[in-house]
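Trainee: Just a sequence and a predicted model for now, questions to come.
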Amino acid sequence: MKLTESTWPSTADAVLGTVFGYDRFRGFQREVIEHVVAGGDALVLMPTGGGKSLTYQIPALLREGVGVVISPLIALMQDQVAALSEVGVRAAFLNSTLTAAQAARTEQALRSGELDLVYIAPERLMGERTLRLLGECKLALFAIDEAHCVSQWGHDFRPEYGQLSLLRERFAQVPRIALTATADVPTREEIRERLLADARVFVASFDRPNIRYRIVEKREPREQLLRFIRDEHPGEAGIVYCLARNTVDEVAAFLNEHGIQALPYHAGMDSALRAEHQRRFLRAGEDGGNAIVMVATIAFGMGIDKPDVRFVAHLDMPKSVEGYFQETGRGGRDGEPSDAWMTYGLADVVQQRRLIELGEADAQYKRLSSSKLDAMLGLAEAGDCRRVRLLAYFGEASEPCAQHQNACDNCLSPPALWDATEPARKLLSCIYRCTQSSNFGFAATHIIDVLRGKSTEKTVKFGHEALSTFGIGADLGEAEWRLVLRQLVAQHIVEVDYDHFNVLRLTDAARAVLKGERRLEVRRPTEKPARGKRERSSRRGSAAVALGSADEALFERLRAWRAGVAKEHGVPPYVVFHDATLRTIATAQPGSLEALRGISGVGERKLENYGAAILRLIAEA
């Protein structure tokens, strides 16, 4: 059947199968769609890769008028418009990448009722020109993506989102659906209060069962990263997050020097170069060559729909669990196994606390930021199941993932716990003695030198070799002392004075430890041996289809054909077909268009456009 705007199916199930090529809904997708089609507001919390987009795309096709999707992500707009066009949906976007003439044509298509969906950035939407334009159109719905951006207490606050409350007043009869992958309970309430009216809330499980979480002690982070990629993900796509722009450039150069194709991405680069790097990342690996590793600040990634990202690595600790969850969620969107790997050390604690304390935000926001950081520190330092802690942050109860196919590092190899109360008392005493004797404070390196009895120019200069704490910690190495100090800083027993050269000071909480009234139990973090490529590849996710040698050859021919189509259309290959669909085709080897129609991911428009070519490839094989 050739689809046109006048022949859209009239039910959600029919649209799902005929347009998008899927035979069943996932989770509560159907309930959300039916609620919005009936005119109700909805808040949808669903992890990355969970199928959020269908919950507003299908209602937009079933309701009269155009669906308006509000998103801050230019990359997402472009990808989704390309994907929708592939299945015959009339979609467009209005953003800063368009020329004046292109924007005018899109606006005219809106006025004429020639679009099913239009994607608009929030700042453009709030312009009076755009609001007047929408007032001239029949509107099916508003979909507010990345809705957590509305919360000034959230991890990604954007002021323009707060203005979206105007939609409730100006377009009161148009249903609104707010969507996000990361929002704690206070943020959810703020979304409902500011953007929606009498909204029904749909919360999916936040678990990403195909992701394995691993956090290792930071020693030589670049070398650790290099070993991780070489041993476990050679030739595969991945994202490496760094806090600073100069670190991004240095790490990308380091990886390239060691034979790993990597590109930098951060806000300090020319916008055209950033766009080119993003384009290369999305399209790499489809012509038989190696995929690209993107080294980036958090400026990269939101809205990136690349399904085959096999790892997300952090060389610096994120400032919140929400940020960590969102960033790691960019891996494994195809349902295949992916690794969330992070190095973490004392410097991360100090740096993040310093960013909060020296920021220009008010005291209330700083307190909130500090509590979010504490939760992230708790996840990093945890000796129990990381998945349980991660899900608990979002209010979801779960069992340890020890028997999980992609179990976290702590469940795979439970860390040894160490009663560090006595070493902690020694360290606190040393900070006190050094400060008392000199009437000013000292940073971590000097305190540890005194504890270990290491004679230096500073220990001699300040007479600290005569202190009772000099050498009382000689039985422990520097790494162990930094572990203890990291815990003390994380638990607010010791604070870092950023205004005075990062010197260490005791807080009121130190008194209970010094008196023996409070114990300090820590994990002994050790980097786990690499699993190796063969082991990682053996733990295929449930979405994978096992291929024999003949099927594998056909699969690779299909991928090569797809790469050519994608290049011709100017879109990423996964917009044409996902790997999962090509695997199923290679295994089933359908002999007719009707048989091909039964493959998940093959809708009517793709069957019409590509069916004959696919059947020829199968016949030739």
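Mentor: Here it is on my side, so go on.
Trainee: Just the buried positions in the lengthiest helix in the chain, please.
Mentor: Using DSSP state H, we find that the single longest helix of the chain is helix 549-569. For helix 549-569, the neighbour count (16 or more other CB atoms under 10 Å) marks 551, 554-555, 557-559, 561-563, 565-566 as buried. (C-beta placed from N, C-alpha, C; glycine too.)
Trainee: Next: stretch 186-196.
Mentor: Judged by neighbour count using 16+ other CB under 10 Å, the buried positions of stretch 186-196 are 187-188, 190-192, 194-196.
Trainee: now, among the residues you listed, which is nearest to Q491?
Mentor: Closest to Q491 out of the buried residues of stretch 186-196 is T187 (25.5 Å), distances taken as CB to CB.
Trainee: element containing the closest one, please.
Mentor: In this assignment (DSSP states H and E), T187 forms part of helix 185-195.
Trainee: could I have that helix exported to PDB, CA atoms only?
Mentor: What follows is the C-alpha trace of helix 185-195 in PDB, where atoms were taken according to Å, rounded to 0.1, in the frame of the first residue of the first chain:
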ATOM      1  CA  VAL A 185      10.800  12.900  42.200                       C
ATOM      2  CA  PRO A 186      11.100  16.700  42.900                       C
ATOM      3  CA  THR A 187      11.900  17.300  39.200                       C
ATOM      4  CA  ARG A 188       8.900  15.200  38.100                       C
ATOM      5  CA  GLU A 189       6.600  17.400  40.300                       C
ATOM      6  CA  GLU A 190       8.100  20.600  38.900                       C
ATOM      7  CA  ILE A 191       7.500  19.300  35.300                       C
ATOM      8  CA  ARG A 192       3.900  18.600  36.100                       C
ATOM      9  CA  GLU A 193       3.300  21.900  37.800                       C
ATOM     10  CA  ARG A 194       4.900  24.100  35.200                       C
ATOM     11  CA  LEU A 195       4.200  22.400  31.900                       C
END
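Trainee: and whichever helix or strand comes after that helix, which strands flank it?
Mentor: Heading C-terminal from helix 185-195, the first helix or strand you meet, by DSSP H and E, is strand 200-203. Sheet pairing of strand 200-203 (DSSP bridges) gives strand 42-45 (parallel).
Trainee: The residue of the chain most remote from its centre and A612, how far apart?
Mentor: In the chain, the residue that sits farthest from the middle, by CA atoms, centre = their mean, is A466; the gap is 51.3 Å. Distance, A466 to A612, using CB to CB, to the nearest Å: 89 Å.
Trainee: before we move on, what about R200?
Mentor: From R200 across to A612, the span is 44 Å (CB to CB).
Trainee: And for L504?
Mentor: With distances defined as CB to CB, the gap from L504 to A612 amounts to 71 Å.
Trainee: circling back to that earlier point, send the alpha carbons of the longest helix of the chain over as CSV?
Mentor: Taking Å, rounded to 0.1, in the frame of the first residue of the first chain, the C-alpha atoms of helix 549-569 are listed here in CSV:
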residue,chain,number,x,y,z
SER,A,549,28.7,-18.2,8.5
ALA,A,550,26.3,-18.0,5.4
ASP,A,551,23.9,-15.7,7.3
GLU,A,552,26.8,-13.5,8.4
ALA,A,553,27.9,-13.1,4.8
LEU,A,554,24.4,-12.0,3.8
PHE,A,555,24.3,-9.7,6.8
GLU,A,556,27.5,-8.0,5.7
ARG,A,557,26.2,-7.6,2.1
LEU,A,558,23.0,-6.0,3.5
ARG,A,559,25.1,-3.6,5.6
ALA,A,560,27.1,-2.7,2.6
TRP,A,561,24.0,-2.1,0.6
ARG,A,562,22.5,0.0,3.4
ALA,A,563,25.7,2.1,3.6
GLY,A,564,25.2,3.0,-0.1
VAL,A,565,21.5,3.9,0.4
ALA,A,566,22.4,6.0,3.5
LYS,A,567,25.1,7.9,1.6
GLU,A,568,22.8,8.5,-1.3
HIS,A,569,20.1,9.9,1.0
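Trainee: From the contact counts, what lies against that helix?
Mentor: Here helix 549-569 is seen to pack against helix 573-576, helix 579-588, helix 604-620 when contacts are counted using 3 or more CB pairs under 8 Å, 6 or more residues apart in numbering; DSSP states H and E.
Trainee: and the angle from it to helix 579-588?
Mentor: With axes from the mean of the first three to the mean of the last three CA atoms, to 10 degrees defining the directions, helix 549-569 sits at 140 degrees from helix 579-588.
Trainee: Contacts for helix 549-569 next, please.
Mentor: 82, 86, 283, 286-288, 547, 572-573, 575-577, 579, 582-583, 585-587, 589, 610, 613-614, 617-618, 621 (CB atoms under 8 Å, 6 or more residues apart in numbering).
Trainee: Checking R219 next. Helix, strand or coil?
Mentor: Look at R219: counting by DSSP: H, G, I helix; E, B strand; the rest coil, its state is coil.
Trainee: on contacts alone, who are the packing partners of the strand or helix carrying V484?
Mentor: With secondary structure defined by DSSP H and E, V484 is part of helix 478-490. Secondary structure elements in contact with helix 478-490, counted by 3+ CB pairs under 8 Å, 6+ apart, are helix 346-357, helix 363-381, helix 421-438, helix 444-451, strand 494-497, strand 521-523.
Trainee: right, so the ones you listed: which one is the most enclosed?
Mentor: Of all the helices and strands packed on helix 478-490, helix 444-451 carries the top mean neighbour count, a mean of 22, counting by mean count of other CB atoms under 10 Å.
Trainee: Counting by contacts, list what that helix packs against.
Mentor: Secondary structure elements in contact with helix 444-451, counted by 3+ CB pairs under 8 Å, 6+ apart, are helix 421-438, helix 457-461, helix 478-490.
Trainee: about what we covered before: just give me the closest of the buried residues of stretch 186-196 to L391.
Mentor: Of all the buried residues of stretch 186-196, R188 has the smallest distance to L391: 15.5 Å, by CB to CB.
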